[in-house]
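# Build the 3D model from these lines:
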Amino acid sequence: MALWKDPSVKEPGTSEPTPLPVEPAVRPVERTGPIAVDTARRPADRGPAKESLIAADVTIEGKIEGSGHVRIAGRFKGDVNVQGNVTIEQGAHVTGQVNAATIVVSGEVQGNIHATARVELLETGVINGDVKAAVLTVAAGSRMRGQADFGWGEQGPGGK
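Here you go, the predicted structure:
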């Protein structure tokens, strides 16, 4: 018994074999202009910037540069220079300079910090170095050893 239908065999009660439709395997496509690119699928166009993470059980030595956000939960030795935000988690330890738009510290930083927007020193945060920021927020229980310059615009105190 055949498991397929042979097109040359006549169907019972008909005089002609049943033709099977034949379609080309590949159909040519005509291009009349430039090829459109789906830019919505590019990672750079998707929502807010992505965040890079140094996990709690990771130790890295080097340099971080870029335009995205960085979250450090482990140990990092080296300079961090990003245009986005830097978050130093509770239990994390950073040894080096940190430059970013916004820096949130709930871990420990051994080095100077420079934020173009603001620095948030949370209650478990420790900074051993100088801080320069447009806005500095310090929570009760946090610790800092160094100089703090904040509230100064490019023209002077209070932006005057």
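# CA only for contacts and neighbour counts going forward, please
Fine.
# Distance-wise, check Gln83 relative to Gly68.
Here Gln83 is placed at a distance of 7 Å from Gly68 (Cα to Cα, to the nearest Å).
# go on, Asp57?
For Asp57 relative to Gly68 (Cα to Cα), the value is 22 Å.
# who has more neighbours, these two?
Gly68 (16 against 9; other Cα atoms under 10 Å).
# so the more buried one makes contact with Asn81?
No - judged on Cα atoms under 8 Å, Gly68 makes no contact with Asn81 at a distance of 10.2 Å.
# residues making contact with the helix or strand containing Glu120?
Applying DSSP states H and E as the criterion places Glu120 in strand 113-121. Outside strand 113-121, the residues that touch it by Cα atoms under 8 Å, 6 or more residues apart in numbering are 97-106, 129-139, 142.
# Mind giving me the ChimeraX command for buried ones among those residues?
Buried members of the contacts of strand 113-121, defined by 16 or more other Cα atoms under 10 Å, are picked up in ChimeraX with:
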select :97,98,99,100,101,102,103,104,105,106,129,130,131,132,133,134,135,136,142
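# Can you list which of the contacts of strand 113-121 are found in helices?
The helices, defined by DSSP state H, take in nothing from the contacts of strand 113-121.
# Return the residues in contact with Gly78.
Per Cα under 8 Å, 6+ apart, neighbours of Gly78: 61-64, 94-97.
# let's go with 7 Å and repeat that
Contacts for Gly78 (Cα atoms under 7 Å, 6 or more residues apart in numbering) come out as 61-63, 95-96.
# Lovely, talk soon.
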